[in-house]
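[1] sequence and computational prediction follow.
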Amino acid sequence: MSHFDVVIIGAGLSGIGAARQLQDSCPGKSFAIFEGRDAIGGTWDLFRYPGIRSDSDMYTMGYDSKPWRNPKAIADGKSILSYVKEAALERGIDRHIYFSHWVKSADWSTADGRWVVTVMRARDGVSVKFTCNFLFACSGYYNYEKGYTPAFEGIADFEGELIHPQAWPERVDCSGKRVVIIGSGATAMTLVPAIAQTAAQVTLLQRSPTYVVSMPAVDRIAKLLNIFLPEKLAYRFIRWKNIQIQRLLYRQTRIRPAAVKRKLLRLVRKNLGPEYDVDKHFSPDYNPWDQRLCLIPDADLFKSIKSGKAVVVTDQIDRLTASGINCRSGDSLVADIIITATGLDLVVLGGVQFSVEGTTVSFPETYSYKGMMLSGVPNFVYTMGYINASWTLRSELVAEFVCRVVNRMSELKVRQCTPRLRPIDNAMSKRPLVESFSPGYMKRAMHLFPCQGDHAPWQNTQDYARDKKDIRHAPLEDGVLEFGVPPAAAASNSPPLPDQKPQTVG
């Protein structure tokens, strides 16, 4: 079996960032990336729907070690994909990627102090085994196979084209068509102005409103700083500025939610005019950041509405018909194409089956250590980014932590690091891994995820400043992380396995 010091699952934004961090901080360690698809990029390669773009500014969503050079802070999907590919190719990371290798299971052996990882090769369906000392899951939290579409009554009756954005057909043509987009999240808000450019009519049908915020696509301060400052210095300052803005906005939504809501709705009214029914279509019944704010560049959604190319309907679906949708209000919407921008289907850690000594890990029975390790599971870290800020801010902190742990294990000459519940932790209440965040895709699946506790370090914070202290700077030997040599390994003093050809199984 081929053996690596570290195996990374996923070659998307997080996985490529993790590999860059390993190269910088653990230069002597071998690593491999197992990617189920045949391309780099993850989300940014998978999603191909019209108008796809970032929902965070790229100065904070980009890598700390690689300046974002595109003038657009809210960038299109192709530009982001090019950035991720370039980040991999310029470091030779592509040579470490096993494409079309789906990780199916991983079993920890205490005696050997290593993971046995079973991977299915997509090209021939053959299962192959690898081993590694440390396993790092960067696979995100949604199902790459399919998105979520509710079981609408009458869905089989619709005679037009029914599309989920996650499975966007290459040759679909919306020109001159009547298009209904079901949903109110970032995907729906992105699709509307993109499709409205050529469609005869676009209708956004939402069950309930979402907070929508317009932001200039080009950061004017960033543009100015890039003229007068060296590239890396300008990038660091812009990144710091945008992080502070994100933190301030989120903090204000927690302590002054009503005032923030009034401000957000004022901005919508400024764009749509005093006669538009903002309260009906853009005023949610929850507080800002109880769900993600929808970020739109240069007010493109509002411009589409004002031009008459797009309309927003806030109503509930009664059933689909041959020609469109009947709403519970009694209104009917005629459609040639219906797009179900109805959310994600979440899976835990890429759907990989984990076991320790042959015993399956039940994720809901574990506690999450600092939002990135599992109680009782050795040498394993997963990445789950922020819900209230850019994903990459947290994924890079987690990658730094992995490097600290891997290097510390080498210094101590040990082969195992496990977060263990202390006696004072046994009475902790189990809380959802993500709290105070209410979108449907989270509610549907959060019971499948690990839990968090009611005190540190068993909490999954959404606070970048706190995480920098707790993840980047806090001592590793904190009374919870247990470093040691597995008894059998200590007795045999066995060397690492040589790098051999993968073992085919089954």
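    Thanks, I have it.

[2] partner strands of the longest strand seen in the chain, with direction?
    Ranked by number of residues, the top strand in the chain under DSSP state E is strand 127-137. When pairs are called by DSSP bridges, strand 127-137 turns out to pair with strand 2-9 (parallel), strand 114-121 (antiparallel), strand 380-382 (parallel), strand 503-505 (antiparallel).

[3] centroid-nearest residue for the chain?
    Centroid-nearest residue in the chain: Gly140, 5.0 Å away (criterion: CA atoms, centre = their mean).

[4] that residue and Gly10 touch, don't they?
    Yes. Applying CB atoms under 8 Å as the test, Gly140 and Gly10 come out as touching, 6.9 Å apart. Any C-beta I mention is one placed from the backbone N, CA and C, and that applies to glycine too.

[5] so what sits against both of the two?
    42, 350 (CB atoms under 8 Å, 6 or more residues apart in numbering).

[6] helices of the protein, start to end?
    13-25, 43-46, 58-61, 77-89, 186-196, 220-228, 231-255, 257-272, 278-282, 300-307, 391-412, 440-445, 464-467, 487-492 (DSSP state H).

[7] would you turn those into CSV with mean neighbour count, mean pLDDT and distance to Ala335?
    Shown next, in CSV, are these (neighbours: other CB atoms under 10 Å; pLDDT from 0 to 100; distance: least, CB to CB, whole Å):
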stretch, mean neighbour count, mean pLDDT, distance to Ala335
helix 13-25, 24, 98, 34
helix 43-46, 20, 95, 25
helix 58-61, 24, 96, 34
helix 77-89, 19, 98, 25
helix 186-196, 25, 97, 12
helix 220-228, 13, 94, 40
helix 231-255, 16, 94, 35
helix 257-272, 16, 97, 24
helix 278-282, 18, 98, 19
helix 300-307, 20, 97, 17
helix 391-412, 20, 97, 33
helix 440-445, 16, 87, 22
helix 464-467, 16, 94, 42
helix 487-492, 13, 49, 63
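
[8] between these, which one is nearest to Val347?
    helix 440-445 (7.7 Å; CB to CB).

[9] tell me how far Met373 lies from Asp76.
    Look at Met373 and Asp76: by CB to CB, to the nearest Å, they are 35 Å apart.

[10] over to Met384?
    25 Å.

[11] again with Trp102
    29 Å.

[12] what of Gly15?
    Taking CB to CB, one finds Gly15 at 21 Å from Asp76.

[13] do the same with Ala19
    24 Å.

[14] ok, Lys430 next?
    Using CB to CB, Lys430 is found at 41 Å from Asp76.

[15] ok, those two, which is more surrounded?
    A count of neighbours by other CB atoms under 10 Å puts Asp76 above the other of Lys430 and Asp76, at 19 against 15.

[16] tell me how many other residues crowd the spatially closest residue to that one that is not a sequence neighbour.
    In this structure, Asp76 finds its nearest non-sequential neighbour in Arg53, 5.0 Å apart by CB to CB, 6 or more residues apart in numbering. Neighbour count of Arg53, defined by other CB under 10 Å: 21.

[17] so who does Arg53 touch?
    74-77, 80, 190, 297.

[18] endpoint to endpoint, stretch 5-20 covers what distance?
    Terminal residues of stretch 5-20 lie 15 Å apart, using CA to CA, to the nearest Å.

[19] heads up, I number from 518, so please use that
    Right, with 518 as the first residue, what we last looked at is stretch 522-537.

[20] any idea how far that stretch is from the chain center?
    Computed by CA atoms, centre = their mean, to the nearest Å, the chain-centroid distance of stretch 522-537 equals 14 Å.

[21] equivalent analysis for stretch 676-692, please.
    For stretch 676-692, the distance to the chain centre is 24 Å (CA atoms, centre = their mean).

[22] give me the nearest residue to Ser892, chain neighbours excluded.
    Ser892 sits nearest to Tyr884 (CB to CB, 6+ apart), 4.3 Å away.

[23] that neighbour contacts Asp971, correct?
    No. Using CB under 8 Å, Tyr884 is not in contact with Asp971; the gap is 10.3 Å.

[24] list phi and psi for the residue nearest to the centre of the chain.
    Main-chain torsions, Gly657, degrees, to the nearest 10: phi 70, psi -160.

[25] now do the contacts for it.
    527, 529, 531, 559-560, 867, 900.

[26] for Phe669, what are phi and psi?
    Dihedral angles (degrees, to the nearest 10) for Phe669: phi -70, psi 140.

[27] for it, which non-adjacent residue is spatially closest?
    Nearest to Phe669 is Leu837, by CB to CB, 6+ apart, at 5.3 Å.

[28] and what of Ile597?
    Here the residue nearest Ile597, using CB to CB, 6+ apart, is Trp561, at 4.7 Å.

[29] before we move on, what about Val878?
    Phe871 (4.1 Å).

[30] wait, isn't Ile680 in contact with Asp853?
    No. Ile680 lies out of contact with Asp853 (CB under 8 Å); the separation is 11.3 Å.

[31] okay, the two: which has more neighbours?
    Between Ile680 and Asp853, Ile680 has the larger neighbour count (other CB under 10 Å), namely 21 against 18.

[32] tell me the pLDDT at that one?
    Ile680 is assigned a predicted lDDT (pLDDT) of 97.

[33] now do the contacts for the residue nearest to Val601 when sequence neighbours are not counted.
    Nearest residue to Val601 in three dimensions, chain neighbours excluded: Gly558, at 5.2 Å (CB to CB, 6+ apart). Counting by CB under 8 Å, 6+ apart, Gly558 makes contact with 528-530, 598, 601-602.

[34] run a quick neighbour tally on the residue nearest to Val878.
    Phe871 has 22 neighbouring residues, counting by other CB under 10 Å.

[35] what of Val1002?
    16.

[36] ok, it to Gly996 distance?
    19 Å.

[37] so which residues of the stretch 868-1017 of the chain form strands?
    870-873, 876-877, 885-886, 890-891, 897-899, 933-936, 948-949, 968-969, 998-1001 (DSSP state E, counting those that start in this stretch).

[38] quick one: buried residues of stretch 582-595?
    Buried residues in stretch 582-595, counting neighbours by 16 or more other CB atoms under 10 Å, are found at 583-585, 589-594.

[39] actually stretch 716-726, not the one I typed
    Quick answer for stretch 716-726 (16+ other CB under 10 Å): 716, 718-723, 726.

[40] now, those that are in strands?
    718-723.

[41] hang on, the earlier thing: and the furthest pair within the buried residues of stretch 582-595?
    Pairwise over the buried residues of stretch 582-595, using CB to CB, the maximum falls at Pro584 and Gly594, 19.5 Å.

[42] with only the CA atoms kept, save stretch 784-792 in CSV.
    Taking Å, rounded to 0.1, in the frame of the first residue of the first chain, the C-alpha atoms of stretch 784-792 are listed here in CSV:
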residue,chain,number,x,y,z
LEU,A,784,-30.8,50.5,1.2
VAL,A,785,-33.2,48.2,-0.7
ARG,A,786,-35.8,51.0,-0.9
LYS,A,787,-33.1,53.4,-2.2
ASN,A,788,-32.5,50.9,-5.1
LEU,A,789,-36.1,50.0,-5.9
GLY,A,790,-37.9,53.2,-5.1
PRO,A,791,-40.6,54.2,-2.6
GLU,A,792,-43.5,52.5,-4.5
